[in-house]
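*Asks:* attaching a predicted model along with its sequence, questions to come.
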Amino acid sequence: MSGSEAGPFGPGLAPAVSARLPGPKWLVERRASAARQLAGAALPVESEEEWRYSRIDEIDLSGAAPAGRDGEPAGPSSDAGRLLEAVGSRAATVRALAGVVRTVEVDPEAASLGVAVVSAAGLDVAPEGLGAVLEPRHDAFTLLADAFGADAVLCTVPAGVHLDRPIVVVHELGEHPEGAVVFPRTLVRLGRGARASVVELVSSGEGRQLAVPVVEVDLDEGAQLAYTAVQQLGRATWQVAYHSSRLGRGAVLRSFVAALGGDYARQLTESALTGEGSAGELLAVYLGDGSQVQDFRTFQEHVAARTRSELVFKGAVSGTARSVYTGLIHMHPGAKRADASQTNRNLVLSKGAHADSVPNLDIEENDVRCSHASAVGPIDEDQLFYLASRGVPPEVAERLVLLGFFEDLLSRSPEPGVADYLREVVVERLSAGVLPGHPHREAS
């Protein structure tokens, strides 16, 4: 196959490959449309503003291909099993393998209220809203997700329904030959005045592959969603993820993300507050060790009046790991009396680790409030001295300080069980020595 026939991404990601993927007519046509657009697209480069500080120049998709769909899932991975146990009782549980929905269990009580959790590939007609929230963004990776995505998890909560237990979605990438690309996808739609909680896990084994998860959240007037995401990818996996939300009048989104795995793991978080009086809370914690890179890009889009958003992202890096945070608060014309804040704080735990933090404001309206803050530095010497003076060994003191650094966000997690699970994971990584202590101690 010639290069022109294969397109810019290699023969495994050519339009002909997309056309051979199974699915209902609407999905085949959707893929074909994206594949045509992809033929004229190019991969981004690090010199582009949105990709500064990234490792995107290292990516090579010339030998890439969509992950295979063969094989049946075994039992849940250890990460998935522990998280499910931590969450406890659930309104619905979905398990997807390599981007394909395999099992869906909906509690009869939730089903009787009209709650629908289904596989998109199992529908004869295109589901309402799929791609609508992400539509303003057309780049190479979102086009790849549209052109080669095998399925999507669709979660719909009707108007006025209040769920008292979470919907849990587990995306396990599976084991594939090197060069596989997996496209997990989730769409969450809440009707007017609905309330729900969604917990999502993306995990993988140790094989080298690329994951392009796409999450869309669409909240109608007065809807309230608590969304929790845990990323526990294998150390050889790359991720380019998209989390996009759209909030109607008076809607409220509480979002909590934990990023723990991956080789290079990037997530773009976009929150569009399009309805007057809507509010978004965007929280994230992340850990990096070894040579990991945790890369976050955020956009808080205040479109309507009297909207509110609060963003707090906290991370710690050790070894030669890096973290990247760049964020933008955009106050659109018409966003009068909007209020937005953006905070990013990073602990650098070893001499070879590094953190970049770049908050930004773009204000096109008067009578608004905006603030941003960022900090990068080692563990506070005074805190360590205080603990040492009371007989706490240095390694224990550093562990306590790091847990305390994350605790204010973990205590705000929408799902207490997930917060407990994350505390355990942090302690395990500290105990294993993969998050070594203080740079001054290492230098001594």
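*Replies:* Now that the structure is in, tell me what you want to look at.

*Asks:* drop to CA atoms for contacts and neighbour counts, all remaining ones
*Replies:* Fine.

*Asks:* roughly how far apart are Gly248 and Ala279?
*Replies:* With distances taken as Cα to Cα, to the nearest Å, Gly248 is found 9 Å from Ala279.

*Asks:* which neighbours do the two share?
*Replies:* The contact sets of Gly248 and Ala279 overlap at Leu273 (Cα atoms under 8 Å, 6 or more residues apart in numbering).

*Asks:* more neighbours: these two, which one.
*Replies:* A side-by-side neighbour count of Gly248 and Ala279, using other Cα atoms under 10 Å, places Ala279 first with 28 against 22.

*Asks:* so that one is in contact with Leu253, correct?
*Replies:* Yes. Between Ala279 and Leu253 there is a contact under Cα atoms under 8 Å: 6.4 Å.

*Asks:* which neighbours do those two share?
*Replies:* Overlap of the contact sets of Ala279 and Leu253 (by Cα under 8 Å, 6+ apart) consists of Leu247.

*Asks:* specify the local secondary structure of Val104.
*Replies:* strand (DSSP: H, G, I helix; E, B strand; the rest coil).

*Asks:* tell me what it is bridged to.
*Replies:* For Val104, the beta-bridge assignment (DSSP bridges) gives partners Val94.

*Asks:* ok, it to Pro394 distance?
*Replies:* Using Cα to Cα, we find Val104 at a distance of 47 Å from Pro394.

*Asks:* what does Gly10 give?
*Replies:* Distance from Gly10 to Pro394, counting by Cα to Cα: 52 Å.

*Asks:* look at those two and report which has more neighbours.
*Replies:* Set Gly10 next to Pro394 and count neighbours by other Cα under 10 Å: Gly10 wins out with 19 against 16.

*Asks:* for Glu395, see how far away the more buried one is.
*Replies:* As judged by Cα to Cα, Gly10 and Glu395 stand 49 Å apart.

*Asks:* can you check Glu310 too?
*Replies:* Distance from Glu310 to Glu395, counting by Cα to Cα: 33 Å.

*Asks:* ok, these two, which is more surrounded?
*Replies:* Counted by other Cα under 10 Å, Glu310 and Glu395 do not tie: Glu310 has more neighbours, with 19 against 15.

*Asks:* now do the contacts for the more buried one.
*Replies:* Glu310 makes contact with Gly280, Glu281, Leu282, Ala340, Ser341, Gln342, according to Cα under 8 Å, 6+ apart.

*Asks:* if you set the cut-off to 6 Å instead, what comes out?
*Replies:* Taking Cα atoms under 6 Å, 6 or more residues apart in numbering, we find Glu310 in contact with Glu281, Ala340, Ser341.

*Asks:* dump those to JSON lines, plus distance to Ala120, pLDDT and secondary structure.
*Replies:* Converted to JSON lines, the contacts of Glu310 look like this (distance: Cα to Cα, whole Å; pLDDT from 0 to 100; DSSP: H, G, I helix; E, B strand; the rest coil):
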{"residue": "Glu281", "distance to Ala120": "28", "pLDDT": "98", "secondary structure": "strand"}
{"residue": "Ala340", "distance to Ala120": "35", "pLDDT": "98", "secondary structure": "strand"}
{"residue": "Ser341", "distance to Ala120": "36", "pLDDT": "97", "secondary structure": "strand"}
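
*Asks:* how far away is Ser203 from Asp295?
*Replies:* Distance from Ser203 to Asp295, by Cα to Cα: 17 Å.

*Asks:* backbone dihedrals for Ala145, both of them.
*Replies:* Backbone geometry at Ala145, expressed as degrees, to the nearest 10, gives phi -60, psi -40.

*Asks:* neighbours around it, how many?
*Replies:* Burial measure for Ala145: 23 neighbouring residues, criterion other Cα under 10 Å.

*Asks:* please name the nearest non-neighbouring residue to it.
*Replies:* Excluding its sequence neighbours, the residue lying closest to Ala145 (Cα to Cα, 6 or more residues apart in numbering) is Phe183, at 5.8 Å.

*Asks:* Ala98 is in contact with that neighbour, correct?
*Replies:* No. Assessed by Cα atoms under 6 Å, Phe183 is found out of contact with Ala98, at 7.3 Å.
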